[in-house]
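> Generate coordinates for the sequence data below:
(chains A, B and C)
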Amino acid sequence: MDRDVILTMRGIEIQFPGVKALDGVDFTLCRGEVHALLGENGAGKSTLIKCLTGVNKMDAGKIELEGKEIRPTDPKNAMDLGISTVFQEINLCDNLSVAENIFIGRQPMKRGQIDWKTINKRSAELLERFHVHIDVTRPLSQYSTAIQQMVSIARAVDVDAKVLILDEPTSSLDSAEVERLFDVMRDLKAQGLGIIFITHFLDQVFEMSDRMTVLRNGRLIGVYNANEITKLELVSNMIGKDLDDIFDLKRAAQKDGAGMMLEADHIGVPGKVENISFSQKKGELLGFAGLLGSGRTETAEMIFGVSRLQDGTIKIDGRTVKINEPMDAIMSKIAFCPEDRKRDGIIGDLTIRENIALALQARRGMMKPMSRKEQDELAEKYIKMLAIATPDAEKKIRELSGGNQQKVILARWMATEPDLLILDEPTRGIDVGAKAEIQRLMLEMCEEGMSIIFISSELDEIIRCSNRIIVMRDGKKAGELNGEGCTQADIMKIIAGEKDGETA
Amino acid sequence: MDKKKSNRFINFITNPKYLMVLATIGIFLAIYIFGAVVYGNKGFTKLRTFAMLFVDNAYIGISAVGMTMVLITGGIDLSVAAVASLTGMFIAYGTTILNIHPFVCMAFAIVVAIALGLAMGAMVTYLKIPPFVATLTGMFLARGVCSLISRDSISIDNDLIDKLAGWKIYFMKLNDAGEWVKIKPVAYINLNVVMFIVMILIGTYILQKTRFGRNVYAVGGNEQSARLMGLPVDRTKMMVYGFNGLCSALAGIAYSLYVKSGWNLALQGGELDVISAAVIGGVLLSGGVGYMVGTFFGVLLKAVIPALITFNGTLSSWWGKIITGALVLLFVALQQIVMTSSGRKKKGPKKKET
Amino acid sequence: MKSKESIFKSKLTWAVIAELLILVIAGILEPSFFKIEYNQTTGMLYGSIIDIINRSAEITIIAMGMTMVIALGGTDISVGALVAVAGAFALKFLRWDVTVYPTPGDYTVYPFILVIVVPLIICTLMGLFNGVLIGKFKLQPIIATLILMVAGRGIAQIATNGKQFTTGYTPFRFIGQGSMLGLPFPIIITIVVCAVVMIFVRKTAFGTFVESVGINPNASRVTGLKSDKIIMIVYTLTGFLSGIAGLIYSSRISSCDSNNAGLNYEMDAILAVVLGGTSMTGGKFSLTGTIVGSIIIRTITTLVYYFGITSESIMAFKAAIILVVIVIQSEPVGKWLATRNARKQKAGELHG
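Numbers count the residues shown, from 1 in each chain, chains lettered A, B, ... in the order given. Coordinates of the predicted model:
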């Protein structure tokens, strides 16, 4: 068995500011093996890959390729060593032709000139293997994401690679295309390539991989043979069940005869999420569960107008509303704490005070400025209420820890006194204490009559807090459960597709 | 067989890669034909008029070759006119005041220009200073040094320069007696035109036939991807700015042959002529798209407008600027449309990480 | 622990220190530099310092708008051309029919109000044009403003038929050459413009909105800000301010000069903003800093004149200053300084 090992990573550690992204992770890959790398978002899969391709530098650990220690310095260097990668986002130049994207940087030359004929011919042949028949001289931008994905795989495969990394290669492919890709993967496997396969589609994991490595919170959870583990076991390993005793929380009590807050009727954006219908009462906490990319965030973004609703209608407080941009949602007293705090949440260089006041100010309009005194009072009130750890309100928000940033964003929206608050992964990447505080806060707000949509990957907190739970799978609503009496296994079964549950 | 050919032709026409270039050529031809129809009797169609388009604009064209590459990487260089002017000063001051051999002056100017180009390239590449600001600094510096050399225009008094400037290839024809005579009105091309055409050819070769040239496109298309594909992004950017320095110096040489003097304020605003020639030629200012052929026709298109206005005789020559501005707007709009329809995502202004 | 704002303030402090340093050097070299005299007949103060502030008026006014353009992460390179446009239209209305008025003198053909208002409206519309291209159509600011930078001077030339008109009309000449309260009138205009802009920006939420969009456009949108509107307002304002600067400039020279009016003003305005501590990458901005930056530029220029160095070589001095500023501001250097400081602090903690 040892003879077959092609790649070993031992004790890999990577420290990011504030968090340990990888903590002593081991990983081995054999020749002719498809090895799935699994874990929820933030578990450390991408970091491990980036470490292997030289994008991130490791703080400790050892990588051996065919028994020799290597230290990849950048993707080019990794490629030269024989580690070829297809990244999750398509990393090609869409201004160049399809053929050129496959060959750039290693073009065949003839008499000192680029041999375009060979490039075009060989690319066409290469793509034939994937049953892709296109004009390879046209710019990549003209083709669909699926084709682009195929092109980037073709590029990675054509290099003389020993190790091939596929990071979510199937996320933009339809089932026929996935089958073609799998055929190619089987081919390559037969040729003795070691393939690292990252995906969140569990069916595909079980169809393709020989072994799987599960990571959680930067730590190695286990390595399993595909035939020795069930889907359910796998999901529970990925998601984890660390129920902490510090959480002593009770669901918000539901008042009888509370009116409807939100009614979504077959809403969707074709290709992303489709046919989502649900309703929410006033004072209700509605949990959204599901794996990453299952359409939870997209649903929230539709309700808030970040992405424009294309099908269906939304009723707020019984009235149909048109929400074209976030301002419309704000006017309907909706608030939204986005998932990507850094990109969509904080205004890094502004102070805590300015960040808190911003949404309220935006609703009031430019010409009705809040006085400095008002802003100070507002900031002070929420710093105290949410226990934001800062010397004063004039600190720049980007200098705060993740948990405190999250609280500031929460304060920003609480200041607008919304009727409906959407929280997308509000507890991700923050420490346990802050997590508990945010959960306690949500429940208090519900008690006071606010409705909350709570999106989270962590099942235990969803179950603990939600009155009702909607489970998403592949851009569709897969089931609805009552929060009371619901177990993690119930949700996992729906996520894993073993059961389509409508127990509510 | 015929069908296959016509298919290939349609394919070529509809390929958005070439659409912008074809638009440039089309508009140039349209304007030229318009001129020929309206002012044909005044001699607009004469070979001389056509040749003069080249003679009068060769220095802009030479600079545009380097600018095209810079723009394709997604950068910009505002220093080109100042560097060309500085080259002119070196040549004028060197040959006329210091009595140095012209070739030595030129070589010195070229070395200085390339060094300045590399310095600006380093600021852009390694210090991550926006190209606009980095090259603006270069422009100030070059202009300042110009003025430190001399505040006054220096006319060049050097035999070799005169010879180079006076060298011409005349267009000839056979007369009835079977002798070669110059056509009337006299049409010629000079050294500058030869330099312009040679530089366009070299530029085309670099962009289409070398790995470096293709990397230029990749960097402009998506720098992040280019890096992940293992391309030498930093080296490519440095070389492009260095090459542009060379082109600026050559443009300066051409300009001093054209006017036979050096002046610290020469070519004020010339960088805009060069940039707009490239944009009209279909080079995308956000990077990744552009052809030397396009730039070639961009220069001609930009040159033919003042020519037309001259032939008209009644219009103010300033309409030239307005029409140029309108053309830039037209091409930018066209690019936006082509890019959106071909599905390429717009690149927003790059934002720093917060 | 001091909050980060003190560093932001210190950028302004640095600018002021630089200005004072330059003045001290000037004073040592030439003590008469600081002399300010009161002229009884014109009722105006004279002296190098007054002159510096007076001559910096155009750039200061334009740079008010440019500060916010840069805070949004953009640039506006059309301002110089707009200065020429404003001058051209003003002079066009002052004196058009050469057969009626063969020589310049103290008269105007059209009402004075038109002379002032029409150029300002035209420049405002041109600013709006920039704003629409950038805010609505999402063009890169450099390309969008390049269009008017090229076409603007052409329009100015057409307006005046390519001629350089001169005028002797007193009310118009007063704008650039008159005086009020003992100060040259451009200084008064500058003070009023700066005050109005600062009140508008800081007493409404506008300034915060601009900074917010400049720092993180995505998050700003999610928070409910309408970034395209904000962008359009800023570019329109910059166009309007360029118009005012154009009127001052052409009044100073009692003429219009479509070729040279406002030449390189875009560069000077950007430089003033950067010197004043606003980063080219956008975000937090300081209008006060910009005013100081503008005065620094003018001080250098005046000094260079004062000591008889050729005016054109000012460019070289400017280049040197800009180089130092942008290199210090650049990301890698900033990171390097930050890690060095952190290391020092750590070392200090260990020893202490």
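> which bits of the stretch 101-250 of chain C sit near chain A?
C:203-206, C:208-209, C:211-212, C:215-216, C:218-226 (Cβ under 8 Å from any Cβ of the partner chain). To be clear about C-beta, it is placed using only N, CA and C from the backbone, and glycine gets the same treatment.
> phi, psi of whichever residue of the stretch 251-352 of chain C sits closest to chain A?
Of all residues in the stretch 251-352 of chain C, C:Gly283 sits closest to chain A, at 4.7 Å by Cβ to the nearest Cβ. The phi/psi pair for C:Gly283 (degrees, to the nearest 10) reads phi 110, psi -140.
> moving C-terminal of the helix or strand B:Val37 falls within, what's the next helix or strand?
Here B:Val37 sits within helix B:16-39, counting by DSSP states H and E. Counting by DSSP H and E, the next helix or strand C-terminal to helix B:16-39 is helix B:47-72.
> coming back round to it: weed out the non-buried ones from the residues of the stretch 101-250 of chain C next to chain A.
Buried by 16 or more other Cβ atoms under 10 Å in any protein chain shown: C:204-206, C:208-209, C:211-212, C:215-216, C:218-226, out of these.
> Can you list which of those are found in helices?
If you go by DSSP state H, those have C:206, C:208-209, C:211-212, C:215, C:218-222 in helices.
> out of the residues of the stretch 101-250 of chain C next to chain A, who's near chain B?
Applying Cβ under 8 Å from any Cβ to these, one finds that C:215-216 fall near chain B.
> Wait, B:Val328 touches C:Leu148, no?
No - counting by Cβ atoms under 8 Å, B:Val328 sits too far from C:Leu148 to count as a contact (9.8 Å).
> how close does A:Arg468 sit to B:Leu164?
A:Arg468 is 86 Å from B:Leu164, where distance means Cβ to Cβ, to the nearest Å.
> Then A:Cys95 would be within a strand, right?
Quick fix: residue A:95 reads Asn, not Cys. No - looking at A:Asn95 with DSSP: H, G, I helix; E, B strand; the rest coil, it is coil, so not inside a strand.
> Just give me the neighbour total for A:Thr230.
Residues within reach of A:Thr230, counting by other Cβ atoms under 10 Å in any protein chain shown, total 11.
> which parts of the stretch 101-250 of chain A sit against chain B?
Counting by Cβ under 8 Å from any Cβ, the stretch 101-250 of chain A sits next to chain B at A:104-105, A:107, A:109, A:113-114, A:135, A:137-139, A:141-142, A:155.
> Can you tell me which of those residues is closest to chain C?
The nearest member of these to chain C, counting by Cβ to the nearest Cβ, is A:Ser141 at 17.2 Å.
> from memory the closest one sits against A:Ser97, does it?
No - with contact defined as Cβ under 8 Å, A:Ser141 does not reach A:Ser97; the gap is 10.0 Å.
> Can you pick out the residue with more neighbours from the two?
A:Ser97 (24 against 20).
> tell me the contacts of A:Leu52?
With contact set as Cβ atoms under 8 Å, 6 or more residues apart in numbering or on different chains, A:Leu52 has these partners: A:7, A:9, A:63, A:72, A:78, A:83, A:163, A:165.
> mind listing which of those residues are in strands?
With strands taken from DSSP state E, the overlap with the contacts of A:Leu52 comprises A:7, A:9, A:63, A:83, A:163, A:165.
> Can you select the buried ones among those residues for me in PyMOL?
Only the buried entries of those go into this PyMOL selection, using 16+ other Cβ under 10 Å:
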select buried, chain A and resi 7+9+63+83+163+165
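> circling back: the residue of the stretch 251-352 of chain C closest to chain A is in contact with C:Glu211, isn't it?
Yes - the criterion here is Cβ under 8 Å, and C:Gly283 meets it with C:Glu211 at 6.0 Å.
> list the residues that contact both of these two?
A:349, C:71.
> from the stretch 51-200 of chain C, which residue is nearest to chain A?
Residue of the stretch 51-200 of chain C nearest chain A, by Cβ to the nearest Cβ: C:Phe200 (9.8 Å).
> helices and strands around whichever strand or helix holds that residue, which ones?
For C:Phe200, the element it lies in under DSSP H and E is helix C:185-203. On a contact count with 3 or more Cβ pairs under 8 Å, 6 or more residues apart in numbering or on different chains; DSSP states H and E, helix C:185-203 meets helix C:48-55, helix C:57-71, helix C:170-177, helix C:206-215, helix C:227-252, helix C:287-306.
> Could you check the angle the second one makes with helix C:185-203?
By that I understand helix C:57-71. Orientation check (axes from the mean of the first three to the mean of the last three Cα atoms, to 10 degrees): helix C:57-71 against helix C:185-203 gives 20 degrees.
> what do you get for the fifth one?
Using the same axes, to 10 degrees, one finds that helix C:227-252 and helix C:185-203 are set 170 degrees apart in direction.
> Now do the same contact list for B:Leu78.
B:Leu78 sits in contact with B:132, B:135-136, B:138-139, B:271, where contact means Cβ under 8 Å, 6+ apart.
> Could you list which of those belong to strands?
Going by DSSP E, the strands hold none of the contacts of B:Leu78.
> okay, B:Gly343: pLDDT?
We note a pLDDT of 48 for B:Gly343 in this prediction.
> Residue of the stretch 51-200 of chain A nearest chain C, please.
Closest point on the stretch 51-200 of chain A to chain C, by Cβ to the nearest Cβ, is A:Lys57, at 15.0 Å.
> Count the neighbours of that residue for me.
Counted with other Cβ under 10 Å, A:Lys57 comes out at 11.
> quick one: the strands in the stretch 1-150 of chain C?
With DSSP state E, counting those that start in this stretch as the criterion, the stretch 1-150 of chain C has strands at C:36-39, C:44-47.
> what are the pairing partners of the last one, and which direction each?
The one in question is strand C:44-47. Looking at strand C:44-47 with DSSP bridges, its partner strands are strand C:36-39 (antiparallel).
> centre of the chain versus the partner strand, how much separation?
Strand C:36-39 sits 27 Å away from the centroid of its parent chain (Cα atoms, centre = their mean, to the nearest Å).
> OK, contacts around whichever residue of the stretch 301-450 of chain A sits closest to chain B?
Of all residues in the stretch 301-450 of chain A, the one sitting closest to chain B is A:Gly348 (2.8 Å; Cβ to the nearest Cβ). Contacts of A:Gly348 were listed using Cβ under 8 Å, 6+ apart, and they are A:342, A:396-398, B:354, C:215-216.
> could I get those as CSV with pLDDT, secondary structure and distance to A:Glu425?
Listed next are the contacts of A:Gly348 as CSV, based on pLDDT from 0 to 100; DSSP: H, G, I helix; E, B strand; the rest coil; distance: Cβ to Cβ, whole Å:
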residue, pLDDT, secondary structure, distance to A:Glu425
A:Lys342, 79, helix, 13
A:Lys396, 86, strand, 23
A:Ile397, 88, helix, 18
A:Arg398, 82, helix, 19
B:Thr354, 29, coil, 19
C:Ile215, 91, helix, 23
C:Asn216, 89, coil, 18
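> residue nearest the centroid of chain B?
B:Ala64 (1.6 Å; Cα atoms, centre = their mean).
> That residue and B:Leu71, how far apart?
B:Ala64 is 10 Å from B:Leu71, by Cβ to Cβ.
> can you list residues touching both of the two?
In contact with both B:Ala64 and B:Leu71: B:Ala278, using Cβ under 8 Å, 6+ apart.
> hang on, the earlier thing: dump the residues of the stretch 101-250 of chain A next to chain B into CSV; add distance to chain C and pLDDT as well.
Shown next, in CSV, are these (distance: Cβ to the nearest Cβ, whole Å; pLDDT from 0 to 100):
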residue, distance to chain C, pLDDT
A:Ile104, 25, 89
A:Gly105, 26, 85
A:Gln107, 30, 87
A:Met109, 35, 89
A:Gln113, 33, 89
A:Ile114, 30, 90
A:Asp135, 30, 87
A:Thr137, 29, 87
A:Arg138, 25, 86
A:Pro139, 20, 86
A:Ser141, 17, 83
A:Gln142, 21, 80
A:Arg155, 30, 87
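> The closest residue to chain A within the stretch 101-250 of chain C and C:Phe209, how far apart?
As assessed by Cβ to the nearest Cβ, chain A sits closest to C:Gly224 within the stretch 101-250 of chain C, at 3.9 Å. Counting by Cβ to Cβ, the gap from C:Gly224 to C:Phe209 is 10 Å.
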